[in-house]
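[1] kindly generate the corresponding structure for this input.
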Amino acid sequence: MSSVLGDIQARIFVNRPVNLNKVKFYGFDMDYTLALYKWPVYHEALYLHALDAFISMGYPKELGHLEYDIDFPVRGLWFDTLYGCFLKVDSFGNIMMCVLGYHKKTKHEIEELYPGRFVTFTDRMYIFNTPFNIPELMFFAAVINYFVEMDQLKSRTSKTGVFVSDAKFKQFSELFQDMREAIEIVHMKGQFKTYILDHVSEYIEKDEKIPLLLLTLKENDKRIFLVTNSDWEYTNGVMSYLFDQPIDEKYRGSNWYKVFDLVVTDSRKPRFFKEGTKLFEVNPQTGKHIPQFDQKSNGKMTSNRVYCGGNVDQLEDALDVGGKTVLYVGDHIFGDILKCKKHKGWKTFLVVEELDHQIACWVKCKPLIMELERVDLIKVNQNANGRKDSARGVKHVQPESNEGVVNYLSQMKMSLKEKIQAVDLTYGKLGGLFQSGSRETFFASQVKGYADIYATTCTHLLNYPLDFHFHVARQRLPHEMSIEGVPEWAHLRDSFDREHREQNKLQPTQAVQMLDHLPNIARNDWQINESQSTNGVH
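    Sure, this is the predicted structure:
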C-alpha cells in the first residue's frame with residue numbers, strides 16, 4: 001500500500017466511504033471501462049465517420065477537409081441548441097467559458113446572450129458527459145465553425161443559426177438534430193464498429209491487467225457481471241481480443257464470457273436501471289436470440305447466461321444482489337453512475353481516463369493555482385475585516401498597515417485573467433476537466449456528487465487488498481473552519497440553548513387563546529395549568 005500512496009497516479013480517490021470487505025458483487029461496463037480506446041486515434045476515426053455520414057445527408061463536401069484538433073475538446077461542456085454555443089459552467093450554472101465554433105466569446109458577448117452570465121439546464125441543453133462525446137463535440141465545433149466563418153465572409157450574422165448554403169438557413173437547433181442523426185448513423189448502422197473490429201489492435205488497448213482483475217475477483221469468491229450498451233457481436237469481438245492472453249484456457253479468447261456470472265448486452269442504459277427493454281437470451285456460440293419469452297412475459301434472468309436487454313430488477317433477482325453489496329464500475333456519469341446509485345443504492349466507481357493528464361497538469365500549474373488560492377484567501381480576510389468595521393458603524397478605510405495587501409491585490413487583478421488562462425491552456429484549449437482557474441466545473445460537481453470512488457482505470461483495484469476500506473475525511477464547512485482560533489472558554493451567543501428554548505416556549509395563556517381558534521383540538525386534550533406563567537404547555 002505504501003507504494004500506491006507514493007504513486008498518486010496509481011491511486012483510487014474517494015468521495016464517500018467504500019468497504020470492499022462488504023462488496024460481494026462487482027459490475028462492469030465495457031466501453032471505456034474494461035475496453036480502453038486509444039486516444040486520440042479512436043476519436044479521430046469516429047470524427048471522420050461522423051463527417052462522412054453528415055455529408056451523405058446533403059451537406060457540403062468541403063466539410064470533409066476539416067481536421068481534428070487534438071487540443072480542443074474536453075467533456076463536461078453543455079451545448080446550447082438555441083445559440084449553438086458550448087458552455088463551460090460550474091455546479092450552479094455560472095458560465096466560465098462560452099465558445100461558438102472555435103471562437104471564445106468575451107464577457108460582454110456572453111452577457112448579451114446569457115444575462116448575468118448564468119444559465120439553467122433545460123431541454124435546449126445537451127451535455128457532453130462521456131468519452132464517446134469527445135469526438136462528437138469536436139464534430140459539432142468544426143461544423144459550426146465552418147458555417148459561422150462562411151457567414152462572416154459574406155457579412156451574414158444571426159444569433160440563432162447559420163446559412164448551410166446560399167439559399168438555405170438553418171437554426172442551430174435544426175443543425176443540432178442533423179449532427180446528432182449523423183452520430184446515430186455511425187453508431188447504429190454498424191459500419192464503424194465493424195471497421196474497429198477489423199483493426200482492433202490499432203484502436204483498443206490490450207491490457208493484461210483486465211483479465212487479471214476479473215479472475216482475481218472470481219478466485220476470491222466475488223460475483224461479477226457485465227452490463228454494456230454494445231450489441232453482442234461487438235462485445236464478443238472486443239472482449240475476445242482483451243482475453244487473448246496467456247491465461248487459463250477455460251476463459252481465453254472467445255470463452256471470456258465464462259468469467260462472468262451474468263452478461264447483459266444491448267442494455268440501453270440508463271433505461272436498464274428503470275423500466276428496461278424486452279429481454280432475450282443470447283446464444284454465445286451463434287449470437288442469435290433465443291426466443292424463450294412470449295409477448296406477455298418480461299422474462300427472467302438466470303446466472304451464467306448471456307442476455308440482450310432486460311432491466312436491473314431481473315439482474316438483481318438472478319444474482320440475489322442488492323444495495324451496498326454491489327460496486328458498479330463505469331465511465332458514464334449519467335448512464336452508469338448516477339442512475340444505479342439513485343435507483344438502486346449501489347456503490348459506484350467512476351473511470352476517468354483523463355485523470356492522469358489532469359493530475360500532471362495540476363502539478364505543472366501548482367505555483368499558479370496556489371497563487372490564485374492565495375488571492376481568494378486574502379479577499380476572504382478583507383471581507384471579514386470590512387464586515388467588522390461596518391458592524392461598528394465605521395466607514396471601511398484600508399489601514400496603512402494593509403497598504404501592501406491593497407497594492408498586491410491591485411497588481412493581481414491585472415494579471416489574474418492571464419494566470420487563469422495559463423492554467424487552462426496547460427490542460428487544452430478549453431481548459432481542465434475538473435476546474436477553470438481555481439473554480440470547479442459542473443463535471444467536477446457530478447463526480448463529487450455521484451461517484452463514491454474514481455480512478456484512471458478500474459485495474460487500480462489490483463493495488464488494494466479486497467478487504468480494503470476506502471475512507472474519506474469529512475470536509476468542514478466554512479463556518480466550522482472559521483472557529484479554528486476561538487478558545488474553548490470563549491462565551492458565544494447561543495439563542496437556541498436549553499435555557500433560551502425554555503424561556504420562549506408557548507405560554508399557557510397563549511395556548512388557551514390558540515386552542516379557542518382550533519376547532520379540531522379539544523382543550524382538555526392539553527394539560528394546561530393556567531396558574532403557571534413560565535412553564536408553558538406540557
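[2] what lines up beside the host helix or strand of residue 79 in the sheet?
    Here residue 79 sits within strand 78-80, counting by DSSP states H and E. Here strand 78-80 has these sheet partners by DSSP bridges: strand 85-89 (antiparallel), strand 125-127 (antiparallel).
[3] how far off centre is that strand?
    The chain centre lies 15 Å from the centre of strand 78-80; the measure is CA atoms, centre = their mean, to the nearest Å.
[4] rewinding a little: of the strands paired with strand 78-80, which is nearest residue 36?
    strand 125-127 (22.3 Å; CB to CB). Quick note: C-beta positions are derived from backbone N, CA and C, even for glycine.
[5] so residue 178, which state does it fall into?
    Here residue 178 is helix, with the state taken from DSSP: H, G, I helix; E, B strand; the rest coil.
[6] residues touching it, list them.
    Under the criterion of CB atoms under 8 Å, 6 or more residues apart in numbering, the neighbours of residue 178 are 54, 57, 59, 170.
[7] tell me, how many residues neighbour the first one?
    It refers to residue 54. 23 (other CB atoms under 10 Å).
[8] for it, give me its contacts.
    Here residue 54 is in contact with 63, 139, 143, 178, 179, 182 (criterion: CB under 8 Å, 6+ apart).
[9] ok, which stretches of the stretch 401-538 of the chain are strands?
    435-436, 439-440, 453-455, 469-470 (DSSP state E, counting those that start in this stretch).
[10] now the contacts of residue 178: which count as buried?
    In the contacts of residue 178, burial by neighbour count holds for 54, 59, 170, counting by 16 or more other CB atoms under 10 Å.
[11] returning to that earlier point: so which of the strands paired with strand 78-80 is nearest residue 446?
    strand 125-127 (9.3 Å).
[12] related to what we said a few turns ago, looking at the buried ones among the contacts of residue 178, spot the one nearest residue 444.
    residue 54 (31.8 Å).
[13] quick check: phi and psi at that closest one.
    phi -70, psi -40 (degrees, to the nearest 10).
[14] mind checking how far it is from residue 191?
    For residue 54, the distance to residue 191 equals 14 Å [CB to CB, to the nearest Å].
[15] would you confirm that residue 32 contacts residue 353?
    Yes - between residue 32 and residue 353 there is a contact under CB atoms under 8 Å: 6.6 Å.
[16] residue ranges with poor pLDDT in the stretch 251-400 of the chain?
    Applying pLDDT under 70 to the stretch 251-400 of the chain flags the ranges 291-298, 376-400.
[17] the strands of the stretch 401-538 of the chain: which one's closest to residue 186?
    Closest among the strands of the stretch 401-538 of the chain, using CB to CB: strand 453-455, at 28.4 Å.
[18] strands paired with that closest one, and their directions?
    Sheet pairing for strand 453-455, using DSSP bridges, gives strand 13-14 (antiparallel), strand 347-351 (parallel).
[19] so which residues make contact with that strand?
    Where contact means CB under 8 Å, 6+ apart, the residues beyond strand 453-455 that reach it are 11-16, 18, 347-352, 355, 447, 470.
[20] now with 6 Å, please.
    12, 13, 14, 18, 349, 350, 352, 470 (CB atoms under 6 Å, 6 or more residues apart in numbering).
[21] write the PyMOL selection for whichever of these are buried.
    Here is the PyMOL command that selects the buried residues among the contacts of strand 453-455 (16+ other CB under 10 Å):
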select buried, resi 12+13+14+18+349+350+352+470
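[22] return the member of the contacts of strand 453-455 nearest to residue 210.
    Among those, and counting by CB to CB, the member closest to residue 210 is residue 349, at 14.5 Å.
[23] identify the bridge partners of residue 436.
    As assigned using DSSP bridges, the partners bridged with residue 436 are residue 439.
[24] that one: how many residues sit nearby?
    Around residue 436 there are 21 residues (other CB under 10 Å).
[25] wait, it touches residue 96, no?
    Yes - with contact defined as CB atoms under 6 Å, residue 436 reaches residue 96; the gap is 4.3 Å.
[26] that older thread, of the contacts of residue 54 - the most surrounded one?
    That'd be residue 139 among the contacts of residue 54, by other CB under 10 Å, with 28 neighbours.
[27] follow-up on the earlier one: switch the contacts of residue 178 over to TSV; also include secondary structure, distance to residue 249 and pLDDT.
    Below are the contacts of residue 178 laid out as TSV (DSSP: H, G, I helix; E, B strand; the rest coil; distance: CB to CB, whole Å; pLDDT from 0 to 100):
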residue	secondary structure	distance to residue 249	pLDDT
54	helix	46	97
57	coil	48	96
59	coil	51	97
170	strand	57	97
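[28] for residue 80, find the nearest of the strands paired with strand 453-455.
    Of all the strands paired with strand 453-455, strand 347-351 comes closest under CB to CB, at 25.8 Å.
[29] could you measure from residue 305 over to residue 447?
    From residue 305 to residue 447 the distance is 34 Å (CB to CB).
[30] in three-state terms, label residue 158 for me.
    coil.
[31] tell me how many other residues surround it.
    Neighbours of residue 158 (other CB under 10 Å): 14.
[32] still on that earlier bit, go through the contacts of residue 178 and name the one nearest residue 326.
    residue 54 (40.2 Å).
[33] could I get the strands paired with strand 78-80 as CSV with mean neighbour count?
    As requested, the strands paired with strand 78-80 are exported to CSV (neighbours: other CB atoms under 10 Å):
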stretch, mean neighbour count
strand 85-89, 24
strand 125-127, 18
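[34] in JSON lines: those, plus distance to residue 149.
    Compiled in JSON lines, the strands paired with strand 78-80 are given as follows (distance: least, CB to CB, whole Å):
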{"stretch": "strand 85-89", "distance to residue 149": "15"}
{"stretch": "strand 125-127", "distance to residue 149": "23"}
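[35] returning to that earlier point: can you put the strands paired with strand 453-455 in a markdown table and add distance to residue 102?
    A markdown table is the format used below for those (distance: least, CB to CB, whole Å):
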| stretch | distance to residue 102 |
| --- | --- |
| strand 13-14 | 33 |
| strand 347-351 | 29 |
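[36] surely residue 335 touches residue 271?
    No - at 9.2 Å, residue 335 does not count as touching residue 271 under the criterion of CB under 6 Å.
[37] so those two - more neighbours on which side?
    Higher neighbour count among residue 335 and residue 271: residue 335, with 21 against 16, using other CB under 10 Å.
[38] which residues touch that one?
    Contacts of residue 335 by CB under 6 Å, 6+ apart are 269, 270.
[39] ok, now residue 433?
    74, 76, 354, 358, 443.
[40] kindly report the same for residue 228.
    Applying CB under 6 Å, 6+ apart, the residues near residue 228 are 29, 30, 235, 265.
[41] in the chain, what helix or strand scores lowest on average pLDDT?
    helix 2-6 (a mean of 51; mean pLDDT, DSSP states H and E).
[42] ok, back up a step: of all the strands paired with strand 453-455, which one comes closest to residue 122?
    Nearest of those (CB to CB): strand 347-351, 25.5 Å.
[43] ok, now which ones touch residue 260?
    Taking CB under 6 Å, 6+ apart as the test, what residue 260 contacts is 224, 225, 226.
[44] of those residues, just say which sits nearest to residue 299.
    Relative to residue 299, and with distances defined as CB to CB, the nearest of those is residue 225, at 16.7 Å.
[45] strand partners of the strand or helix carrying that closest one, parallel vs antiparallel please.
    In the assignment (DSSP H and E), residue 225 maps to strand 223-227. According to DSSP bridges, strand 223-227 forms sheet pairs with strand 25-28 (parallel), strand 262-265 (parallel).
[46] adding distance to residue 254, write the ones you listed out as a markdown table.
    A markdown table is the format used below for those (distance: least, CB to CB, whole Å):
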| stretch | distance to residue 254 |
| --- | --- |
| strand 25-28 | 18 |
| strand 262-265 | 13 |
